[in-house]
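K.L.:
I would like to see how this sequence folds:
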Amino acid sequence: MVKRANNTFELYLCEKPSQGRDIARILGANQRNDGYLQGDKVVVSWCIGHLLEMIPPDEYDSKYKRWSLTDLPILPQDWKMSAKKSTSKQLTVLKKLLKRSHSVVIATDADREGETIAREVLDYFNYTGSTRRLWLSALDTVSVQRALKAIRPSIETEPLYHSGLARGRADWLIGMNLTRAFTLLANDRQVRSVGRVQTPTLALIVNRDREISHFKPVPYYEILAYFKTNNGIAGELLETKWQVPEQISAGQGNEQKRCLDKQIAQSVIDRCQNQQGLVTTATTARKKQPPPLLYNLSGLQQEASRRWGYGAQEVLNLAQSLKIRETEPKRSDDF
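P.N.:
This is a model prediction of the structure:
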């Protein structure tokens, strides 16, 4: 229990325990309790991902326990959430803390999902106190300190919550209605799972797999020509590539506009041998290329897998084992 009078502390609501510990360390909230960390006039607690989930159709109306095409589509007018059984204990902790806090700082991940995870808890408990937003994407000491000095009004990021609600409700509507519809229409006692992202992604994989299985290799011909230039670097050749005319490349199954006739390609080569070429147009462009960005976790996992065959979990474990060490300043006698 928080040993303070009601409404005397500010609650920092994080997305996961590790994030909460990092922020609490900077805030000086070092007193450990069950589900939160406490400091002077500040408490840091956390969700464990989504603590709430949308209720199934039969909890809106018991008639939906029996699947029937006549009941479709199911369109809730008053959307409801329920506590997830696996994390209900932490939700109870947050309920008690919210009753005893005068304000909340949303400190979940700086994205749509993080915004939704925090605000759905606040809405679930009808929290009416003031809220602010801690916006940070890194948890090193400097980044957290900088973000704490620039806490935003929560209204600035509220649209992300509405976007998250829309995404979740779209998933529910498509999943619940189309899964029932396709299952009932198939009439073979097998559930046909349909999802807003799952089904299109699966379709892409299936279509690509079919293309591969039905692929028939077709030879095509390209022509490269090398020219000596009058004002070029000595010994350097100008490389050119034949652009296949549309009347030659046109044909069924030749969307890549390639030359499929060897005789046509050979005739072009014969006509060009030892001939003079004329450059009719030339363009140059000045371009700027910024330095590559630092790796994010997924990019690091892909690169490590490509280079050394590391698994995703192995890369994550290695990354988490690394610690930033602050170098000590040199003494005068070190120089």
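K.L.:
so, low pLDDT: which residues of the stretch 1-150 of the chain?
P.N.:
When residues are selected by pLDDT under 70, those of the stretch 1-150 of the chain lie in 1-7.
K.L.:
please enumerate the helices of it.
P.N.:
Ranges of helices within the stretch 1-150 of the chain are 17-27, 88-99, 112-124, 141-148, based on DSSP state H, counting those that start in this stretch.
K.L.:
which of those sits most buried?
P.N.:
Mean neighbours per residue, mean count of other C-beta atoms under 10 Å, is largest over the helices of the stretch 1-150 of the chain for helix 112-124, with a mean of 21. Every C-beta, even on glycine, is put in place using the N, C-alpha and C of the backbone.
K.L.:
ok, now which ones touch the closest residue to Ile48 other than its chain neighbours?
P.N.:
In this structure, Ile48 finds its nearest non-sequential neighbour in Thr87, 4.8 Å apart by C-beta to C-beta, 6 or more residues apart in numbering. Residues near Thr87 by C-beta atoms under 8 Å, 6 or more residues apart in numbering: 47-49, 51.
K.L.:
show me where the stretch 1-150 of the chain has strands.
P.N.:
For the stretch 1-150 of the chain, strands defined by DSSP state E, counting those that start in this stretch occupy the ranges 9-14, 31-33, 36-38, 42-46, 52-54, 81-83, 101-106, 130-133.
K.L.:
need those in a markdown table (columns: distance to Ala166).
P.N.:
Shown next, in a markdown table, are the strands of the stretch 1-150 of the chain (distance: least, C-beta to C-beta, whole Å):
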| stretch | distance to Ala166 |
| --- | --- |
| strand 9-14 | 22 |
| strand 31-33 | 36 |
| strand 36-38 | 31 |
| strand 42-46 | 25 |
| strand 52-54 | 13 |
| strand 81-83 | 15 |
| strand 101-106 | 19 |
| strand 130-133 | 20 |
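K.L.:
out of these, which comes closest to Leu184?
P.N.:
For these, distance to Leu184 was read as C-beta to C-beta. The smallest value, 21.6 Å, belongs to strand 52-54.
K.L.:
mean confidence score for the biggest helix by length in the chain?
P.N.:
Longest among the helix segments of the chain by residue count, using DSSP state H, is helix 158-186. For helix 158-186, mean pLDDT is 97.
K.L.:
Asn231 is nearest to which of the helices of the stretch 1-150 of the chain?
P.N.:
Across those, Asn231 has its closest neighbour in helix 141-148 (54.2 Å, C-beta to C-beta).
K.L.:
where's the most far-flung residue of the chain relative to its centre relative to Arg169, distance?
P.N.:
Going by C-alpha atoms, centre = their mean, the residue of the chain most distant from its centre is Asn274, 55.5 Å out. Asn274 sits 71 Å away from Arg169, going by C-beta to C-beta, to the nearest Å.
K.L.:
and for Val144?
P.N.:
Separation of Val144 from Arg169 (C-beta to C-beta) stands at 33 Å.
K.L.:
Thr199 too?
P.N.:
Plainly put, Thr199 is 17 Å away from Arg169 if you go by C-beta to C-beta.
K.L.:
swap in Gly311?
P.N.:
Distance from Gly311 to Arg169, counting by C-beta to C-beta: 35 Å.
K.L.:
same thing with Gln302?
P.N.:
Here Gln302 is placed at a distance of 32 Å from Arg169 (C-beta to C-beta).
K.L.:
elements contacting the helix or strand hosting Arg307?
P.N.:
Using DSSP states H and E, Arg307 maps to helix 297-308. Secondary-structure packing of helix 297-308 (3 or more C-beta pairs under 8 Å, 6 or more residues apart in numbering; DSSP states H and E): helix 312-321.
K.L.:
now the helix it packs on - C-alpha only, PDB.
P.N.:
Written as PDB, here are the backbone C-alpha positions of helix 312-321 (Å, rounded to 0.1, in the frame of the first residue of the first chain):
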ATOM      1  CA  ALA A 312      16.100 -13.400 -33.200                       C
ATOM      2  CA  GLN A 313      16.100 -14.300 -29.500                       C
ATOM      3  CA  GLU A 314      19.900 -14.700 -29.500                       C
ATOM      4  CA  VAL A 315      20.400 -11.200 -30.900                       C
ATOM      5  CA  LEU A 316      17.900  -9.800 -28.300                       C
ATOM      6  CA  ASN A 317      19.800 -11.400 -25.500                       C
ATOM      7  CA  LEU A 318      23.100 -10.100 -26.700                       C
ATOM      8  CA  ALA A 319      21.800  -6.600 -27.200                       C
ATOM      9  CA  GLN A 320      20.300  -6.500 -23.700                       C
ATOM     10  CA  SER A 321      23.600  -7.700 -22.200                       C
END
